[in-house]
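Chemist: sequence plus predicted model, see below.
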Amino acid sequence: MPAISAIEAWIPLIAIAVLWTARKGGKRARVMLLCLGIAVGIGDGVISNTLKKTIGRVRPRDALQSVTVRDLGPASPAFMRLFEPVVVKPSEPNGETRGKSFPSSHTVNMFAAATVIACFYCRAGLLMYLLATAVAYSRVYCGAHWPSDIPPSMALGVLVGLTVVAVSLRCRA
């Protein structure tokens, strides 16, 4: 679960997949990639960041002593973290009254991406929804989010993905 949750470690592979798709996929794939970039940019940069700052919900690992925190060991570059053993430790509440627990940006981004992909390529979208669900679960499992953070984050991601695709289709018409 920590490896699934460590999206920054997957960036080189994601970049390769995007470049390959842009080169080999044709016009439909390039439009999908454009929608994907816009959806993740809006979902992460605008919606998640704004809500995190506005709501300020403390993460479970920062609020409770009974949370088990799971993460990958440190490594440089970040991709090498995937080959490090999982570090498991008890949470250390820090007395913070504001945090960045809601919404889960990982979940918003993954569900926005899955929705965009599903709108263009149904089967690949279904696989992406499975991956998005695993990422959402991993955020709770690793102690980064409360279970109640996840369903609204999923809904926000789907909404962002559908909106971007709908606007894209209207612009192309």
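Modeler: In hand now; what should we look at?

Chemist: C-alpha from now on. contacts and neighbour counts both.
Modeler: OK.

Chemist: just the residues contacting the one helix or strand residue 171 maps to, thanks.
Modeler: Using DSSP states H and E, residue 171 falls within helix 150-172. Residues from elsewhere that reach helix 150-172 (CA atoms under 8 Å, 6 or more residues apart in numbering): 35-36, 38-39, 42-43, 102-105, 107-116, 119, 136.

Chemist: ok, stretch 46-55 next?
Modeler: 99-105, 108.

Chemist: tell me the one of the residues you listed nearest residue 143?
Modeler: Nearest to residue 143 among the contacts of stretch 46-55 is residue 101, at 10.1 Å by CA to CA.

Chemist: which residue comes closest to the closest one once chain neighbours are left out?
Modeler: The shortest distance from residue 101 to any non-neighbouring residue, by CA to CA, 6 or more residues apart in numbering, is to residue 59 (4.7 Å).

Chemist: mind telling me what element residue 36 is part of?
Modeler: helix 26-40.

Chemist: now do the strands in the chain.
Modeler: Taking DSSP state E to define them, one finds strands in the chain at 68-72, 86-90.

Chemist: how about these in CSV, adding mean neighbour count, distance to residue 1 and mean pLDDT?
Modeler: CSV is the format used below for the strands of the chain (neighbours: other CA atoms under 10 Å; distance: least, CA to CA, whole Å; pLDDT from 0 to 100):
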stretch, mean neighbour count, distance to residue 1, mean pLDDT
strand 68-72, 20, 8, 94
strand 86-90, 13, 9, 94
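
Chemist: export these to a markdown table and append columns for distance to residue 146.
Modeler: Listed next are the strands of the chain as a markdown table, based on distance: least, CA to CA, whole Å:
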| stretch | distance to residue 146 |
| --- | --- |
| strand 68-72 | 12 |
| strand 86-90 | 16 |
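
Chemist: closest to residue 30 out of the ones you listed?
Modeler: The nearest among the strands of the chain, by CA to CA, is strand 68-72 at 33.2 Å.

Chemist: what residues are bridge-paired with the residue lying closest to residue 142 once chain neighbours are set aside?
Modeler: Residue nearest to residue 142 in three dimensions, not counting chain neighbours: residue 70, with 4.6 Å by CA to CA, 6+ apart. Here residue 70 sits in beta bridges with residue 88, going by DSSP bridges.

Chemist: thought residue 70 was touching residue 139?
Modeler: No. Taking contacts as CA atoms under 8 Å, residue 70 lies outside contact range of residue 139: 9.7 Å.

Chemist: could you point out which residue ranges in the chain have low pLDDT?
Modeler: 173 (pLDDT under 70).

Chemist: and the one residue sitting closest to the centre of it, what does it touch?
Modeler: Residue closest to the average C-alpha location in the chain (CA atoms, centre = their mean): residue 106, at 2.2 Å. Contacts for residue 106 (CA under 8 Å, 6+ apart) come out as 5, 7, 135-136, 139.
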